[in-house]
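**Student:** Sequence below, structure please.
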Amino acid sequence: MTATRKRPQTFDDLAGQDFVSTTLRASIASGRIAHAYLFSGPRGCGKTSTARILARSLNCEKGPTDKPCGVCDSCTSIARGSSLDVIEIDGASNTSVENVRQIKDEVLFPPNSSKYKIYIIDEVHMLSNSAFNALLKTIEEPPPYIVFMFATTELHKVPATIKSRCQQFNFRLFSLDVIRDLLRSAAQDIAVEADDEALLWIAREATGSMRDAYTLFDQVASFSEGRITAAKIRDKLGLVGSERLGALMSLAVAGNRKGALEMLDAILASGVSVEQFASDLVSYARSLLFITSGVEKEALLGAPRASFPEDIVSGLDAPRLERILAGLFDLYRDMRYSVNPRWELELAVSRICAIGDFVAPSELARTIRAMKTAIVDGQAPGSFAVGSAIGSVLHGTSSAATLHVPARDEKPVAPVSVAAVSPGMQSEPDAPESEARGASGADRDDGIDPVALKAALLAAVGQKRVVLSTCLERSGPWTIEGDKLVIPCLNGYDAGAVLAETGLLAKRVMEIAGRSLRIEPRAAEVAPRQAPAARSDDDDDSDDGDDGPADPVGIVEKVFRGKRSGGARPSSGRGEQATETERGESWI
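**Tutor:** Down below sits the predicted model:
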């Protein structure tokens, strides 16, 4: 096997674990040999091989040395696994306390012919708690000629009492570049030609394990007949391949749903499983996302850059690829519980064909902001006509019932009346113009009539904001001072209610008047109390100066413009001069 033949024999051969080899070399050169080592990391990353190299370095006839000769009796016997002073124990099959007691008895005897008696325990996390406890004292105070080397793939299962008595070394997964270079060297040793794409695929499938890479390499080399190619791997192992994935993605990007589904059927008919196709499609979309982000390193892409056609790269941006990946991840999770996994895959491919219609939320927000800016600045087509129409509405100069937007070369026409915008707001035709416009007509700014603006705003607020509508309706004449819309409120409560909704009011003013105004509510000063005068039915809508007790139900009626449903009505203490509120009528 290639994994056995290419097992590293010295620290120079230990690739991909520079930190471990450098530290062990320095400790051997300085003579600081620990009595226990703990090697941890994923499978196939060189833990047991490093333990054997360290044992050979300690027991070499020229050592301890960081460069064992490899030809002395100690080095050759350790390489064959026949050394009496280097004992390898499988922790998975020797988990009991009796096995550890045997070790405790053996450590009392010095090595036969070497400087150190070394115990290499693989998968040490498989030992029972009793076995670990029996080993504690021996690890903490062993004889000077004893060295323990533990290897484990699950460091979290090793008790902390064991970890604290060992020098720990964490092994890392191999990078794709390192695995590919080692596979190329292995192919040269057996005189087999191998394409870079094929070696890169083997390295990616190994997921960082060198032993898994060598095992897969032996499998591929057995049917490649002297030349390892990506096409042979696809045909023999039932893979999709970057060429067919690229062709299918090209059809999907072009929106050719019929062609993409037919190609999918052809790929599945060739023997590719649904799960394998979904996995390969996820990897392909991930690589496309890296390319659109500017990453072109083959170790990250998992395939040569030439495997990704330019029409796909240019037709998909990062947001669309992210959406494709999210959909494929959902597909892979849903296939387990699906009625038919193939139907799930066909649905996912069909959705990819419509990815051109997808609009990212950020792009949509930018477009809306640009449209708003163009309309406000008068740069959009018809924006001048819309602005003049709003002005006509606020001035009440037109009685048209529809909004007419002229072309760019057509002069704007006054389009609608105030009544069209705010139903129910009618001005008496016989009233003088000054009375219809109110006392604030002199406070117009840029053609905005505060009276019409107030009416339109009340209609816009409507019944959704009952309290706000009531406070605005009983407010005094509005004025526009620069970029401020001043609303004189009846009292402090009304001013607070309007202040709490300034954002909504400013938005509605912008929609109605086409201009941004800052809402500023002002509370009117309380008038000094005067002697009560003779009351009439016309002035009974005010309770100012009332000496009688306050009526809570009456206050609720005033705020919400309601009526009593029944029951006894409180006495006002004024006899027959009860207010309209006390008679159940609205005060407005």
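
**Student:** all contacts plus neighbour counts: C-alpha atoms, from now on.
**Tutor:** OK.

**Student:** Could you count how many residues lie near residue 134?
**Tutor:** For residue 134, the count of nearby residues is 17 (other C-alpha atoms under 10 Å).

**Student:** what residues are up against it?
**Tutor:** Listed by C-alpha atoms under 8 Å, 6 or more residues apart in numbering, the contact set of residue 134 reads 97, 100, 101.

**Student:** Kindly confirm my reading that it is in a strand.
**Tutor:** No: going by DSSP: H, G, I helix; E, B strand; the rest coil, the assignment for residue 134 is helix, not a strand.

**Student:** Now do it, the pLDDT please.
**Tutor:** At residue 134, the model reports a pLDDT of 85.

**Student:** what do you get for the one 4 residues further on?
**Tutor:** You'll see residue 138 listed with a pLDDT of 85.

**Student:** so what's it up against?
**Tutor:** Taking C-alpha under 8 Å, 6+ apart, we find residue 138 in contact with residue 104.

**Student:** Buried ones in the helix or strand where it lies, by neighbour count?
**Tutor:** Applying DSSP states H and E as the criterion places residue 138 in helix 129-140. Residues of helix 129-140 classed as buried by neighbour count (16 or more other C-alpha atoms under 10 Å): 131, 132, 133, 134, 135, 138, 139.

**Student:** ok, now which ones touch the second one?
**Tutor:** This means residue 132. Taking C-alpha under 8 Å, 6+ apart as the criterion, residue 132 is in contact with 159, 162.

**Student:** distance of it from residue 91?
**Tutor:** Noted for residue 132: a distance of 11 Å to residue 91, by C-alpha to C-alpha, to the nearest Å.

**Student:** Give the burial count for residue 454, as a bare number.
**Tutor:** For residue 454, the neighbour count with other C-alpha under 10 Å is 19.

**Student:** Check whether it really touches residue 478, as I assumed.
**Tutor:** Yes: the pair residue 454 / residue 478 is scored as a contact, 7.5 Å apart, by C-alpha atoms under 8 Å.

**Student:** contact partners of the lengthiest helix in the chain?
**Tutor:** Longest helix in the chain, counting residues (DSSP state H): helix 274-292. With contact meaning C-alpha under 8 Å, 6+ apart, helix 274-292 is reached by 239-242, 245, 268, 296, 300-302, 308, 313, 316-318, 321-322, 324-325, 328-329, 331-332, 341-342, 345.

**Student:** Of those residues, just the buried ones, PyMOL syntax please.
**Tutor:** In PyMOL syntax, the buried subset of the contacts of helix 274-292 is picked out as below (16+ other C-alpha under 10 Å):
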select buried, resi 239+240+241+242+245+268+296+300+301+302+308+313+316+318+321+322+324+325+328+331+332+341+342+345
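
**Student:** residue boundaries of the strands in the stretch 1-150 of the chain?
**Tutor:** 36-40, 86-90, 117-122, 146-152 (DSSP state E, counting those that start in this stretch).

**Student:** Check which strands are paired with the second one and give the direction for each one.
**Tutor:** Each strand that pairs with strand 86-90, with its direction, by DSSP bridges: strand 117-122 (parallel).

**Student:** next one: the strand it pairs with to chain centre, how far?
**Tutor:** The gap between the average C-alpha position of strand 117-122 and the chain average comes to 47 Å, counting by C-alpha atoms, centre = their mean, to the nearest Å.

**Student:** now the angle from it to strand 146-152?
**Tutor:** On the basis of axes from the mean of the first three to the mean of the last three C-alpha atoms, to 10 degrees, strand 117-122 is oriented at 10 degrees to strand 146-152.

**Student:** mean confidence score for strand 117-122?
**Tutor:** Across strand 117-122, pLDDT averages out at 90.

**Student:** pLDDT score for the residue nearest to residue 301 when sequence neighbours are not counted?
**Tutor:** Nearest non-adjacent residue to residue 301, counting by C-alpha to C-alpha, 6 or more residues apart in numbering: residue 287, 4.9 Å away. On pLDDT, residue 287 comes in at 88.

**Student:** what's the burial count for residue 287?
**Tutor:** For residue 287, the neighbour count with other C-alpha under 10 Å is 22.

**Student:** swap in residue 235?
**Tutor:** Around residue 235 there are 14 residues (other C-alpha under 10 Å).

**Student:** Let me see the contact set for it.
**Tutor:** Contacts of residue 235 by C-alpha under 8 Å, 6+ apart: none found.

**Student:** That one is in what secondary structure piece?
**Tutor:** helix 230-237.

**Student:** repeat for residue 521
**Tutor:** strand 518-523.

**Student:** what does residue 197 give?
**Tutor:** helix 196-206.

**Student:** Report the buried residues of the helix or strand following that helix.
**Tutor:** Heading C-terminal from helix 196-206, the first helix or strand you meet, by DSSP H and E, is helix 210-223. Neighbour counts over helix 210-223 (16+ other C-alpha under 10 Å) mark 210, 211, 212, 213, 214, 215, 216, 217, 218, 220, 221 as buried.

**Student:** What is the distance between helix 210-223 and the centre of its chain?
**Tutor:** Chain-centre distance of helix 210-223: 37 Å, with C-alpha atoms, centre = their mean.

**Student:** Low-confidence ranges, the stretch 451-588 of the chain, go.
**Tutor:** Along the stretch 451-588 of the chain, segments meeting pLDDT under 70 span 463, 524-588.

**Student:** low-scoring stretches of this protein, by residue?
**Tutor:** 238, 375-447, 463, 524-588.

**Student:** per-domain residue ranges of this protein.
**Tutor:** Per automatic domain parsing, the domain ranges recorded for the chain read 2-172, 239-358, 422-523, 535-588.

**Student:** and those domains as JSON lines, adding distance to residue 228?
**Tutor:** What follows is the domains of the chain, written out as JSON lines (distance: least, C-alpha to C-alpha, whole Å):
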{"stretch": "domain 2-172", "distance to residue 228": "15"}
{"stretch": "domain 239-358", "distance to residue 228": "15"}
{"stretch": "domain 422-523", "distance to residue 228": "68"}
{"stretch": "domain 535-588", "distance to residue 228": "84"}
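
**Student:** looking at the ones you listed, which is closest to residue 186?
**Tutor:** Checking these against residue 186 by C-alpha to C-alpha gives domain 2-172 as the closest, at 7.3 Å.

**Student:** Can you check the distance spanned by that closest one, start to finish?
**Tutor:** From its first residue to its last, domain 2-172 covers 21 Å (C-alpha to C-alpha).

**Student:** I'd like the distance from that domain to the chain centre, please.
**Tutor:** The chain centroid and the centroid of domain 2-172 are separated by 44 Å under C-alpha atoms, centre = their mean.

**Student:** for stretch 277-284, same thing?
**Tutor:** Taking C-alpha atoms, centre = their mean, one finds stretch 277-284 lying 21 Å from the centre of the chain it belongs to.

**Student:** ok so, going back, filter the contacts of helix 274-292 down to the ones in helices?
**Tutor:** By the criterion of DSSP H, membership of the contacts of helix 274-292 in helices covers 242, 245, 268, 300-301, 313, 318, 321-322, 324-325, 328-329, 331-332, 341-342, 345.

**Student:** The stretch 301-450 of the chain: helices as residue ranges?
**Tutor:** Remark: helices assigned in the stretch 301-450 of the chain by DSSP state H, counting those that start in this stretch are 310-315, 318-334, 341-353, 361-377, 383-395, 418-421, 433-437, 450-461.
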